[in-house]
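*Asks:* Need the 3D shape of this:
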Amino acid sequence: ALYLTGDSNSKLVLEDSVFDNNEAAIGSTIYSEIIQTSITNVYVLVATKVGFYLSKGQHTYSYVELYGTRSSSINTGGISALNVEKLEYTNGVITGFGYDVLTSSYSTAQMTTALKIMSDISDGSSIQLKNITFDNNHNYKGGAIYVTNVYTMEIEDSTFNNNQALEGGAIYYTSNEPTSTLTLKGSVTFNSNSAAEAGGAIKFTGRKYLVDSEATLTFNMNTAPYGPDQAAYPVSLVKITADEALQEEYKAYKDDPSNFRLLQSRNLAQSIVSGDLLWPPLAFVLVDEFGKNVTTDYSSTLSVAITNVDNPSNISSYEGDNPFIAYKGFFILYPFKVYTYPCSTAQIEIKLTSFSPDKVGRSSSEFTTSVLTIQDTVQSSICGFGERITESLACYACPSGKYTLKFMSTDDCMDCPDTGVCDGKGIFGPQVGYWRHSTLEHTVTECKNQDACLGAQVDDEEVRSLATCPDGHLYNETFCLTGWCAYGYEGVLCSQCID
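*Replies:* A predicted model of the protein is given here:
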């Protein structure tokens, strides 16, 4: 309808007017560059694109009502203000703008909504909204209002009803400038706004909005998976049990029902076996300043470092993701193996990087990237029977066909001799016709009476019930580490008759 351009002294005064279904690529009602506008008692029906497009200049609106014709094929916007010096809007209605299909495919420049404010902080922009009703508007970010880097903005005595977005059902505010402020004043009400992802009423990603000391905020029936009323960003990392993370349906464990059942029945382990999976695993959650889990975070990362407390010169390490990536705001360190010298204390250092806990403050230092460190101490158990210590400091059980009789040794597993039986670990005994002097002996000796020496493994229960195995030499019910003696025999080489 109107295309206006000029210098800072140019001014449009418009009163008592109606604009109905005007069309343009942008600014279908008013397209204004630089000049000042004063608009009072105006009714606007916006059919296409953005109704009021304001670039720079100073603008005063009073009793202006804008009605959009949103549909699945028409994307309309109410007011887009780009680097304006001032916008004062009082006693107005903005309803029905945006796009019925919420999508993240639009760029910031393409997004249209009821009110979009984009500023360069150096412009010193001032936005004042008072007694405005935003009703039934949609957008990708900020169903009713999308605002970025405004110098100062005030919303007073206004109502937001039934607005929708992916993030920030009513308001999406983003600014990393310390001097930027968005202040809510008077009585501001949010009714039945919704976000498909975060911030049913408000989502802010940099500066936190301010609330005037005498203001009253009312939140009614707003909805979102994360932050039905307000959503922000992570400001802390909290250690939890993995079972608590599972209650949020952490997919990595739902895929394995046996792991899920085991995890539910155990507490966090403080004793580990070097080289074994840490189970139950360590778990953490990202929390915002309201104490809510930031369930929309799929990108934050954790790095891990392992140090041997007893002897820092011993190289310790871990096997697992590097880094671990958040899933719904949770980190479960799985699969995760710690390699540290057995029978010692290890310190697990968890670092969360690229987040800004000071954003909730008001100082100019608030936007520096911070590193949050959490330390946990675990005790590494001794290696078990028949296990050796590998170069990576894992406890490694000798496989079948090999054995070791050494305790906490780095020596390789030994090959089983032809006259022996080796079932892995330290399970070593003689073949049939041979005998072993002790459980610490590496050699086996041929028996003079081979029928008396049954060997280490006897599976026949009837034969075994009549045979003998020296006290303390029975590994299990079928395996005698020094060899079974047949019925009627005992002693060295099974050469002694039983009376």
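
*Asks:* make it CA atoms for all contacts and neighbour counts henceforth
*Replies:* OK.

*Asks:* Now do the helix or strand residue 172 falls within: which elements does it pack against?
*Replies:* Under the criterion of DSSP states H and E, residue 172 resides in strand 171-174. Applying 3 or more CA pairs under 8 Å, 6 or more residues apart in numbering; DSSP states H and E, we find strand 171-174 packed against strand 145-148, strand 202-204.

*Asks:* gap between the shortest one and the chain center?
*Replies:* Once both centres are worked out by CA atoms, centre = their mean, to the nearest Å, strand 202-204 turns out to sit 19 Å from its chain's centre.

*Asks:* Please export the C-alpha coordinates of the strand holding residue 172 as CSV.
*Replies:* The C-alpha trace of strand 171-174 is given here as CSV (Å, rounded to 0.1, in the frame of the first residue of the first chain):
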residue,chain,number,x,y,z
ILE,A,171,8.9,-15.0,23.1
TYR,A,172,12.4,-16.0,21.8
TYR,A,173,15.1,-13.7,23.0
THR,A,174,18.7,-14.0,22.0
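
*Asks:* Including distance to residue 417, mean neighbour count and mean pLDDT, could the helices and strands packed on strand 171-174 go into TSV?
*Replies:* Shown next, in TSV, are the helices and strands packed on strand 171-174 (distance: least, CA to CA, whole Å; neighbours: other CA atoms under 10 Å; pLDDT from 0 to 100):
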stretch	distance to residue 417	mean neighbour count	mean pLDDT
strand 145-148	77	24	93
strand 202-204	71	27	94
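
*Asks:* re the thing from before, and the next element down the chain from the strand holding residue 172?
*Replies:* Next along from strand 171-174, by DSSP H and E: strand 181-185.

*Asks:* For the next helix or strand after that following strand, which strands pair with it and how are they oriented?
*Replies:* The C-terminal neighbour of strand 181-185 among helices and strands, as given by DSSP H and E, is strand 187-191. Partners of strand 187-191 in the sheet, by DSSP bridges, are strand 159-161 (parallel), strand 216-220 (parallel).

*Asks:* by contact count, what packs against whichever helix or strand comes after strand 187-191?
*Replies:* Using DSSP H and E, the next helix or strand after strand 187-191 towards the C-terminus is strand 194-198. Applying 3+ CA pairs under 8 Å, 6+ apart, we find strand 194-198 packed against strand 164-167.

*Asks:* From the chain's centroid, how far away is the strand it packs on?
*Replies:* For strand 164-167, the distance to the chain centre is 21 Å (CA atoms, centre = their mean).

*Asks:* what's that strand in contact with?
*Replies:* With contacts defined as CA atoms under 8 Å, 6 or more residues apart in numbering, strand 164-167 is touched by 102-104, 136-144, 170, 193-200, 203.

*Asks:* hmm, back to that, possible to save the helices and strands packed on strand 171-174 as TSV with distance to residue 80?
*Replies:* Putting those into TSV (distance: least, CA to CA, whole Å) gives the following:
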stretch	distance to residue 80
strand 145-148	9
strand 202-204	19
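
*Asks:* out of those strands, nearest to residue 68?
*Replies:* With CA to CA, the closest approach to residue 68 among the helices and strands packed on strand 171-174 belongs to strand 145-148: 14.5 Å.

*Asks:* circling back: gap between the strand holding residue 172 and the chain center?
*Replies:* Taking mean C-alpha positions (CA atoms, centre = their mean), strand 171-174 and its chain are 22 Å apart.

*Asks:* Figure out how far stretch 218-230 is from the centre of its chain.
*Replies:* Worked out by CA atoms, centre = their mean, stretch 218-230 lies 21 Å from the chain centre.

*Asks:* Quick one: mean pLDDT over that stretch.
*Replies:* What stretch 218-230 shows for mean pLDDT is 96.

*Asks:* Low-confidence stretches in the stretch 201-350 of the chain?
*Replies:* For the stretch 201-350 of the chain, the stretches with pLDDT under 70 are 245-270.

*Asks:* how about the helices in this structure?
*Replies:* 242-246, 251-254, 257-264, 461-466 (DSSP state H).

*Asks:* quick one: contacts for residue 202?
*Replies:* 142, 168-173, 229-231.

*Asks:* swap the cut-off to 10 Å and go again
*Replies:* 142-143, 145, 167-173, 190, 193-195, 209, 222, 227-232 (CA atoms under 10 Å, 6 or more residues apart in numbering).

*Asks:* Residue 142 too?
*Replies:* Neighbours of residue 142 in contact, by CA under 10 Å, 6+ apart: 111-116, 163-173, 195, 199-204.

*Asks:* Now it. Its backbone dihedrals?
*Replies:* As for residue 142, its main-chain torsions (degrees, to the nearest 10) stand at phi 80, psi 90.

*Asks:* Start at 45, not 1
*Replies:* Will do, 45 is the new start, and the previous item becomes residue 186.

*Asks:* And the pLDDT at it?
*Replies:* pLDDT, read off for residue 186, is 93.

*Asks:* From residue 237, how far off is it?
*Replies:* 10 Å (CA to CA, to the nearest Å).

*Asks:* Which residues are in contact with each of these two?
*Replies:* 207-209, 212-215, 243-246.

*Asks:* Make a PyMOL selection of whichever of those residues turn out to be buried.
*Replies:* Entered in PyMOL, the line below selects the buried ones among the shared contacts of residue 186 and residue 237, by 16 or more other CA atoms under 10 Å:
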select buried, resi 207+208+209+212+213+214+215+243+244+245+246
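
*Asks:* now, among the shared contacts of residue 186 and residue 237, which is nearest to residue 339?
*Replies:* For the shared contacts of residue 186 and residue 237, the nearest to residue 339 is residue 243 (11.3 Å; CA to CA).

*Asks:* Was I right to think residue 528 contacts residue 494?
*Replies:* No. Residue 528 is not in contact with residue 494 according to CA atoms under 10 Å; the separation is 11.5 Å.

*Asks:* more crowded one of the two?
*Replies:* Neighbour tally, residue 528 and residue 494, criterion other CA atoms under 10 Å: the higher count belongs to residue 528, 35 against 18.

*Asks:* who does that one bridge with?
*Replies:* residue 499.

*Asks:* residue contacts, it?
*Replies:* 473-474, 476-480, 496-502, 508, 510-514, 517-518, 522, 534, 537-538.

*Asks:* Pull out the buried members of these.
*Replies:* By 16+ other CA under 10 Å, the contacts of residue 528 give 473-474, 476-480, 496-502, 508, 511-513, 517-518, 534, 537-538 as buried.

*Asks:* and those, which of them are in strands?
*Replies:* Assigned to strands by DSSP state E, the following of the buried ones among the contacts of residue 528 qualify: 473-474, 478-479, 497-501, 534.

*Asks:* Save those residues as JSON lines, and put in pLDDT and distance to residue 320 too.
*Replies:* Output for these, formatted as JSON lines (pLDDT from 0 to 100; distance: CA to CA, whole Å):
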{"residue": "473", "pLDDT": "97", "distance to residue 320": "28"}
{"residue": "474", "pLDDT": "97", "distance to residue 320": "31"}
{"residue": "478", "pLDDT": "97", "distance to residue 320": "37"}
{"residue": "479", "pLDDT": "97", "distance to residue 320": "36"}
{"residue": "497", "pLDDT": "97", "distance to residue 320": "39"}
{"residue": "498", "pLDDT": "97", "distance to residue 320": "37"}
{"residue": "499", "pLDDT": "97", "distance to residue 320": "34"}
{"residue": "500", "pLDDT": "97", "distance to residue 320": "30"}
{"residue": "501", "pLDDT": "96", "distance to residue 320": "30"}
{"residue": "534", "pLDDT": "95", "distance to residue 320": "41"}
